[in-house]
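**Q** What follows is a predicted protein model with its sequence.
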Amino acid sequence: MFIMIVFLSFVLLGSAHAGTRQQFTVQTPSGEILVEGFARGAGEQRPAVLVLSGSRGFGSSVYDEIEQTFREAGLDTYLVHVLSPRDQDAIRNAGTAHARIGYYAKRLPDWTAAVRRVVAYLNNQPRHAGRVGLLGISLGAQTAAATSMDSSDIGALVLVDGGLPNGYSQPIRSLPPLHLIWGSADRVFPLSIGQELRDLAQSVGSSSSLVVFEGGAHDFFLKPGTRQARAAHESAAKFLASTLAR
């Protein structure tokens, strides 16, 4: 049993104004985790999408653009602060890619456990009626992928420029319906990783699709106000809305 502490309960009642992030926390095995919600429409049943950021967190205005696109598609958006301020400091000061990867591996079990708690909470809300999807970007995509393995609680999964964590060795028997969004010029996670993950999902009987944005760098999805980012947001929203409506 876990405890939900709601600082602004009207988040889930849908009385928040557009562009305003309302906050609540969920108790997890490693402590409280902050969630920012944009729920709309009191009493209206809508799918929920949990968003996991890259290593820089949710400071960019692009997340408001993502929320607006998702809202127009009939989706409620929840920004899940898996990375604590301590995590972000450790990642920023790691010094080398090897040190960062080592830190990710150490923290991944806590991150995935936290996301599962938030998924479980939202799945139990009548307004979402068991329709919960997950979108992860870069490091958030790695956490989202690990969280979703063999999970029946996640109805749809979108991964943006990121796949399985480095050295992930757990057997994979199933995945939720999967949509991959990738920049062709990504040098952090090359396109071949997305292609392999698409094929892996298909090999375990899961539906999967890969959309490639020509010339897109690793962070193209997070560039506010750009045509390519907007098209990628719309691609994610269309997949999530259609998949979670089933």
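**A** Great, that's in hand.
**Q** going forward, measure contacts and count neighbours with C-alpha atoms only.
**A** Will do.
**Q** residues of stretch 184-201 that come out buried?
**A** For stretch 184-201, a neighbour-count test (16 or more other Cα atoms under 10 Å) marks 184-186, 189-191, 194, 197-201 as buried.
**Q** what's it in contact with?
**A** The contact list for stretch 184-201, computed with Cα atoms under 8 Å, 6 or more residues apart in numbering, reads 161-164, 174-175, 178, 180, 182-183, 207-210, 212-218.
**Q** Kindly report the same for stretch 114-128.
**A** Outside stretch 114-128, the residues touching it (Cα under 8 Å, 6+ apart) are 4, 26-30, 33, 43-48, 50, 80, 82, 129-132, 147, 153-154.
**Q** can you map out the helices along the protein?
**A** 62-72, 85-92, 97-123, 139-148, 191-203, 227-244 (DSSP state H).
**Q** Does anything pack onto the shortest one? Which helices or strands?
**A** Read that as helix 85-92. For helix 85-92, the elements it packs on are helix 97-123, judged by 3 or more Cα pairs under 8 Å, 6 or more residues apart in numbering; DSSP states H and E.
**Q** gap between the helix it packs on and the chain center?
**A** Remark: helix 97-123 is offset 12 Å from the chain centroid, using Cα atoms, centre = their mean, to the nearest Å.
**Q** Taking helix 85-92 as reference, get the angle to that helix.
**A** Between helix 97-123 and helix 85-92, the angle comes out at 150 degrees (axes from the mean of the first three to the mean of the last three Cα atoms, to 10 degrees).
**Q** still on that earlier bit, next, format the helices of the chain as CSV and append mean pLDDT and distance to Gly37.
**A** Listed next are the helices of the chain as CSV, based on pLDDT from 0 to 100; distance: least, Cα to Cα, whole Å:
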stretch, mean pLDDT, distance to Gly37
helix 62-72, 95, 10
helix 85-92, 92, 19
helix 97-123, 93, 11
helix 139-148, 95, 17
helix 191-203, 93, 29
helix 227-244, 97, 17
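**Q** Identify, out of these, the most deeply packed stretch.
**A** For those, the largest average neighbour count (mean count of other Cα atoms under 10 Å) is found in helix 139-148, namely a mean of 25.
**Q** what sits up against it?
**A** Here helix 139-148 has contacts from 52-55, 108, 111-113, 115-116, 134-136, 154, 157-165, 175-176, using Cα under 8 Å, 6+ apart.
**Q** Swap in 7 Å and give it another go.
**A** With contact meaning Cα atoms under 7 Å, 6 or more residues apart in numbering, helix 139-148 is reached by 52-55, 108, 111-112, 116, 134-136, 154, 159-160, 162-165, 175-176.
**Q** and the residue of the chain positioned farthest from its centre, how far is that from Tyr103?
**A** Note on the chain: the largest separation between a C-alpha and the mean C-alpha position, by Cα atoms, centre = their mean, falls on Gly95 (26.0 Å). Per Cα to Cα, to the nearest Å, Gly95 is found 11 Å from Tyr103.
**Q** What's the local residue count around Ser60?
**A** Applying other Cα atoms under 10 Å, we find 12 residues neighbouring Ser60.
**Q** brain fart, Asn124
**A** 13.
**Q** Can you check the pLDDT for it?
**A** pLDDT for Asn124: 90.
**Q** same thing with the one 5 residues further on?
**A** Model confidence at Ala129, expressed as pLDDT, equals 83.
**Q** ok, now how distant is it from Gly155?
**A** 11 Å.
**Q** With neighbour numbers in mind, choose between these two.
**A** Gly155 (24 against 14).
**Q** need the contact list for the more buried one.
**A** 131-133, 176, 244.
**Q** ok, 6 Å please
**A** Applying Cα atoms under 6 Å, 6 or more residues apart in numbering to Gly155 gives the contacts 132-133, 176.
**Q** can you tell me how far it sits from Ala99?
**A** Distance from Gly155 to Ala99, by Cα to Cα: 34 Å.
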